[in-house]
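Novice: What follows is a predicted structure for the sequence shown.
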Amino acid sequence: MLDVTRYAVAADAIVEAGRFLYERGWSPATSSNYSARIDDQNIAITVSGRHKGELGAGDVMVVGLNGQSVQSSCRSSAETRLHTVLYELFPEVGAVLHTHSVKATVLSRLVPEGQPLTLEGYELQKAFSGVQTHDSVLSVPVFENTQDIDALARETKAWFEGHRDQPGYLIRGHGLYTWGETMADCLRHVEAFEFLFECELETMRVRP
Ligand SMILES: CSCCC(=O)C(=O)COP(=O)(O)O
Ligand SMILES: [Zn+2]
């Protein structure tokens, strides 16, 4: 039985996250999708195609971890399976955010195929849960973009089964996925990634 209060808390967190991310320009033109865990079987997730700066309760729906809608005739995000694999893999994850910022998009196109984006030596890496020092290496995988979301979901699942301690990934020319135990953790991760992406792009500009 779905707990309505837990759904309402999750939906509120998603609506608030949408305002924050849209205002910063990280979720333009109806792009992006957000989710929050309700319980061990269900998540709240954005309805496909909605404006992320103007979300209301009707723009958030429930899906099971199998990706199937629960009591809604709306279509959940086209990228729902990219969210559910993360909740399946990581029971401690409480929120997943996917954004489409200019910096994530541009940087993802500059990383050579088959290589990760390597972030190291930045004090701000400590904004990621579990990171204690700038003297650490964060290897962010870059997956090739595709319209076959089920295939990408299988690919990301296989990758993160073997690389469990990572806070996010990029999809080339598309955007960022990041997650956290709470929505606040997850939002902090988006901000940290955006700061680090800007640093990387600025470094490439001054030291090509
Ligand atoms: C207009 S952006 C193209 C789709 C996309 O990448 C995205 O993040 C939004 O898809 P959704 O189905 O969740 O609205
Ligand atoms: Zn997207």
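Specialist: Perfect, thanks for sending it. Ligands and ions are numbered 1, 2, ... in the order given.
Novice: For stretch 2-9, list every residue counted as buried.
Specialist: Using 16 or more other CB atoms under 10 Å as the test for burial, stretch 2-9 gives Y7. Glycine gets a C-beta too; all of them are placed from N, C-alpha and C.
Novice: for stretch 180-197, that is, sorry about that
Specialist: Buried residues in stretch 180-197, counting neighbours by 16+ other CB under 10 Å, are found at 180, 183, 185-194, 196-197.
Novice: swap in stretch 52-59?
Specialist: Neighbour counts over stretch 52-59 (16+ other CB under 10 Å) mark K52, L55, D59 as buried.
Novice: re earlier: which among the buried residues of stretch 180-197 gets closest to ligand 1?
Specialist: V190 (13.8 Å; CB to the nearest ligand atom).
Novice: Could you list every helix and strand in contact with the helix or strand where that closest one lies?
Specialist: When elements are assigned from DSSP states H and E, V190 belongs to helix 183-206. Judged by 3 or more CB pairs under 8 Å, 6 or more residues apart in numbering; DSSP states H and E, helix 183-206 is in contact with helix 4-23, strand 95-99, helix 102-110, strand 117-120, strand 175-180.
Novice: And the ones you listed: which comes nearest P208?
Specialist: helix 102-110 (11.1 Å; CB to CB).
Novice: ok, the closest one near ligand 1 or not?
Specialist: No - using CB under 6 Å from any ligand atom, helix 102-110 stays clear of ligand 1, with a minimum separation of 10.6 Å.
Novice: So which elements touch that helix?
Specialist: Against helix 102-110 (3+ CB pairs under 8 Å, 6+ apart) you get strand 168-171, strand 175-180, helix 183-206.
Novice: can I get those in TSV with distance to ligand 1 and mean pLDDT?
Specialist: Compiled in TSV, the helices and strands packed on helix 102-110 are given as follows (distance: least, CB to the nearest ligand atom, whole Å; pLDDT from 0 to 100):
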stretch	distance to ligand 1	mean pLDDT
strand 168-171	9	98
strand 175-180	7	98
helix 183-206	14	98
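Novice: Could you dump these into JSON lines with distance to P91 added?
Specialist: Output for those, formatted as JSON lines (distance: least, CB to CB, whole Å):
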{"stretch": "strand 168-171", "distance to P91": "18"}
{"stretch": "strand 175-180", "distance to P91": "12"}
{"stretch": "helix 183-206", "distance to P91": "15"}
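Novice: looking at the sheet around V70, what are its partners?
Specialist: V62 (DSSP bridges).
Novice: ok, which residues in this structure are in contact with ligand 1?
Specialist: Counting by CB under 6 Å from any ligand atom, the chain sits next to ligand 1 at A29, T30, S31, S32, N33, T46, S48, G49, S77, A78, E79, H98.
Novice: Go ahead and confirm the third one touches K52.
Specialist: Yes - here S31 lies in contact with K52, judged by CB atoms under 8 Å, at a distance of 7.4 Å.
Novice: ok, and what's touching the helix holding V190?
Specialist: 13-14, 16-17, 20-21, 24, 26, 36, 94-97, 99, 101, 103-104, 106-107, 110, 117, 119, 122, 124-125, 127-129, 140, 167-168, 176, 178-180 (CB atoms under 8 Å, 6 or more residues apart in numbering).
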